[in-house]
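Chemist: predicted model follows, preceded by the sequence.
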Amino acid sequence: MISLHRSCFLNNTGISGSSSPFSYKLKKLPPASVKVTALGPNRDRNSSVLIENNNNPLKEIKEDATASVADVDPNPTVTGEDRDLYYDAAATDDQLVTPWSLSVASGYSLLRDPHHNKGLAFNEKERDSYYLRGLLPPTVISQELQVKKMMCSIRQYQVPLQKYMAMMDLQELNERLFYKLLIDNVEELLPVVYTPTVGEACQKYGSIFRRPQGLFISLKEKGKIHEVLRNWPQRDIQVIVVTDGERILGLGDLGCQGMGIPIGKLSLYTALGGVRPSACLPVTIDVGTNNEQLLNDEFYIGLRRRRATGQARNLIEYAELMHEFMSAVKQNYGEKVLIQFEDFANHNAFDLLAKYGTTHLVFNDDIQGTASVVLAGLVAALKVVGGTLADHRFLFLGAGEAGTGIAELIALEISKQTNMPLEEARKKISLVDSKGLIVKSRIDSLQHFKKPWAHDHEPIKKLVDAVNGIKPTVLIGTSGVGRTFTKEVVEAMAALNEKPIIFSLSNPTSQSECTAEEAYTWSQGRAIFASGSPFDPVEYKGRVFVPGQANNAYIFPGLGLGLIMSGAIRVHDDMLLAASEALAAQVTQENFDKGLIYPPFRNIRKISAHIAASVAAKAYELGLATRQPQPKDLVKYAEHCMYNPAYQSYR
Ligand SMILES: O=C([O-])CC(=O)C(=O)O
Ligand SMILES: [Mg+2]
């Protein structure tokens, strides 16, 4: 009996997602690399899985392929049936059969299998063993040379969207090369596969659409989501990033074309956090769109209807679809699958988090991930500016998910540090939304997530007046509206503070509240500045200023890894605080000397391992971890768990 080995997230540890829902009995030893494929309309279709066996030369099975077919009993425990592979031999005309086939992953199809393809890096022996002779030019090159070549080719594109498309093509062609490229060149390629370029990619997703990536669940699939999940080729899912496309970055409702976001986020889960790609599932829930331009776009890929959303008459339709999805996910992948809500509009984001936070392992990246990264940046910035969090005053432009999420985590941390009641700590934080400062007199008309921020204060309409009235030491932009930190606003901050802390967090670059150059110039080089999307260093009066990138990409990959490796069953606010502290602790004196309040992204895997370890430690401390016993050295363990994109050698 040999059970299937599917390359598992926690390689060699034997403790995690390595268990497969399938078990294949092989009377004879299997070939080195065999694909078992069940075709046909039943639920086992597409279940291609690589079987590996250490002791067997591939040749043995090639010469006796028939014997190996006969000797394999694909007994999917999901169905509970004990199936004989030859059952179809006894089938009569009116009996439906499943056309099982057993094939070596080789030749032409191996070159088109993104999970196993190595392109020109297949060595001579592999070319013989896997029927690749003639299908490749004679040269054999290393993965390193492939990376160099790909980087040269990507750098030749002038247009970021072309770089994005080249990267997506590579992901579909050769997954390990894609991740090696991304990991080795993270600072250069992050803006390509992630913000800002992914924003443009989503806007134009229909026009640039080539091959589907991720899982699309639309209202058409209502009642069938369980089956839809079964159509996905992988079963051992550990992380799902799901969006309904209603608030993609600061770009608004992009409907089904929001799919670029879950795909981009999950690429980072692998590249930055080391979660293996096959354990990641990008999902877009398509309930229509209210974006007229898309509805009239002949290339739009989604449902052509107005959005069923969490309001009034459509409430039930939307809620039912989401509920069916959440239930099906748990049923298919178990209690410990992590679901990251991404880029939902405010009105759904808070409700979904509240509703499923107690039954599923969920977190909202825009509310909680962003909060954690911003808190880390503030803690680091205070080392430069001085004082404790409680000594500062915070003003936000934007009171949606990010704004209120960050505000709440800051208040929580102040309250922990000082034993101050949370309500008191909140008073140090003020928020301005599109109608002005959030104050008590507006309480009745405020959405529920804004109410805790309605303080006693006279109403103020304009941001600059709020700055002058409240006199914040920290100004944070989470409005989704670009260029709202005007010269007047930045100058007011600079007049009030020797070192004003200014964060322009909205994405992509076009929606940033101000540019790095504006922040440094208008504050005469005194601002401590960070932004959600990357900005190049700025030279001002002979000094070079390097802006920080306060993006949740610092947090969610490590947070996710920590949750997975501890087998956590719920996300707790203290884990976000732990992640935040772990990130802040990674800023070195050398970074501070350069004016950085975040460590460079090039060290992100090490940073993620530390974040994962802190999150896992918190999960154990809170009794929320199910993976026992607790590993002794959690940082080492996290590093050990991480996916390595180096090619594997095929026997
Ligand atoms: O995706 C990003 O760059 C950060 C984020 O979550 C958002 O802006 O919604
Ligand atoms: Mg987001």
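Modeler: Received, thanks. Ligands and ions are numbered 1, 2, ... in the order given.

Chemist: so how far is ligand 2 from the residue nearest the centre of the chain?
Modeler: Nearest to the centroid of the C-alpha atoms of the chain, with distances taken as Cα atoms, centre = their mean, sits residue 265, at 2.8 Å. As judged by Cβ to the ion, to the nearest Å, residue 265 and ligand 2 stand 8 Å apart. Backbone N, C-alpha and C define where each C-beta goes, glycine included.

Chemist: with residue 651 instead?
Modeler: 43 Å.

Chemist: quick one: that residue and residue 128 touch, right?
Modeler: No. Residue 651 is beyond contact range of residue 128, at 11.7 Å (criterion: Cβ atoms under 8 Å).

Chemist: those two: which is more packed in?
Modeler: Between residue 651 and residue 128, residue 651 has the larger neighbour count (other Cβ atoms under 10 Å), namely 17 against 13.

Chemist: what's the pLDDT at that one?
Modeler: With respect to pLDDT, residue 651 scores 82.

Chemist: residue 595 now?
Modeler: Residue 595 is given a pLDDT of 83.

Chemist: cool, the one 4 residues further on as well?
Modeler: Note on residue 599: pLDDT of 97.

Chemist: so how far is ligand 1 from it?
Modeler: Using Cβ to the nearest ligand atom, to the nearest Å, one obtains 18 Å as the distance from residue 599 to ligand 1.

Chemist: check contacts around that residue.
Modeler: 583, 586, 587, 588, 591, 607 (Cβ atoms under 8 Å, 6 or more residues apart in numbering).

Chemist: just these that are near ligand 2?
Modeler: Counting by Cβ under 5 Å from the ion, nothing from the contacts of residue 599 sits close to ligand 2.

Chemist: how far away is residue 209 from residue 473?
Modeler: Residue 209 sits 47 Å away from residue 473, taking Cβ to Cβ, to the nearest Å as the criterion.

Chemist: with neighbour numbers in mind, choose between these two.
Modeler: When residue 209 and residue 473 are compared on other Cβ under 10 Å, the one with more neighbours turns out to be residue 473, at 20 against 14.

Chemist: just to check, the more buried one is in contact with residue 393?
Modeler: Yes. The pair residue 473 and residue 393 qualifies as a contact (Cβ under 8 Å) at a distance of 5.4 Å.

Chemist: which of the contacts of residue 599 are buried?
Modeler: 583, 586, 587, 591, 607 (16 or more other Cβ atoms under 10 Å).

Chemist: nearest to ligand 2 among those residues?
Modeler: Closest approach to ligand 2 among the buried ones among the contacts of residue 599 (Cβ to the ion): residue 583, at 17.5 Å.

Chemist: got the contact list for the host helix or strand of that closest one?
Modeler: Using DSSP states H and E, residue 583 falls within helix 573-585. Residues outside helix 573-585 that contact it (Cβ under 8 Å, 6+ apart): 363, 368-369, 371-373, 375-377, 379-380, 409, 412-413, 416, 554-555, 558-559, 562-563, 568, 598-599, 607, 610-611, 613-615, 617-619, 622.

Chemist: what's the average pLDDT for it?
Modeler: Helix 573-585 comes out at a mean pLDDT of 97.

Chemist: from here on, count from 444
Modeler: Sounds good: first residue 444 from here, last item helix 1016-1028.

Chemist: any idea how far stretch 1042-1055 is from the chain center?
Modeler: Taking Cα atoms, centre = their mean, to the nearest Å, the mean C-alpha location of stretch 1042-1055 is offset from the chain mean by 15 Å.

Chemist: element containing the residue of the stretch 844-993 of the chain found nearest ligand 1?
Modeler: Minimum separation of the stretch 844-993 of the chain from ligand 1 (Cβ to the nearest ligand atom) falls at residue 950, amounting to 3.6 Å. Assessed by DSSP H and E, residue 950 sits outside every helix and strand.

Chemist: ligand 2 contacts on the protein?
Modeler: Proximity of the chain to ligand 2, by Cβ under 5 Å from the ion, involves residues 785, 786, 809.

Chemist: low-confidence ranges, the stretch 544-693 of the chain, go.
Modeler: Applying pLDDT under 70 to the stretch 544-693 of the chain flags the ranges 544-547.

Chemist: where does residue 1070 fall, secondary structure wise?
Modeler: Assessed by DSSP H and E, residue 1070 sits outside every helix and strand.

Chemist: any idea how far ligand 2 is from it?
Modeler: Following Cβ to the ion, the distance that separates residue 1070 from ligand 2 is 28 Å.

Chemist: surely residue 550 touches residue 575?
Modeler: Yes. If you go by Cβ under 8 Å, residue 550 and residue 575 touch, sitting 6.5 Å apart.

Chemist: who has more neighbours out of these two?
Modeler: residue 575 (18 against 15).

Chemist: what about the nearest residue to the more buried one once chain neighbours are set aside, neighbour count?
Modeler: Once flanking residues are discounted, residue 575 sits nearest to residue 565: 5.6 Å by Cβ to Cβ, 6 or more residues apart in numbering. A count of nearby residues for residue 565, using other Cβ under 10 Å, gives 22.

Chemist: what's the answer for residue 568, then?
Modeler: Residues near residue 568, counting by other Cβ under 10 Å, number 11.

Chemist: now do residue 967
Modeler: 11.

Chemist: contact partners for the nearest residue to it once chain neighbours are set aside?
Modeler: Distance criterion Cβ to Cβ, 6+ apart; nearest residue to residue 967, sequence neighbours excluded, is residue 937 at 6.7 Å. Listed by Cβ under 8 Å, 6+ apart, the contact set of residue 937 reads 943, 965, 966, 967, 969, 970.

Chemist: residue 600 contacts residue 610, correct?
Modeler: No. Counting by Cβ under 8 Å, residue 600 does not reach residue 610; the two are 10.1 Å apart.
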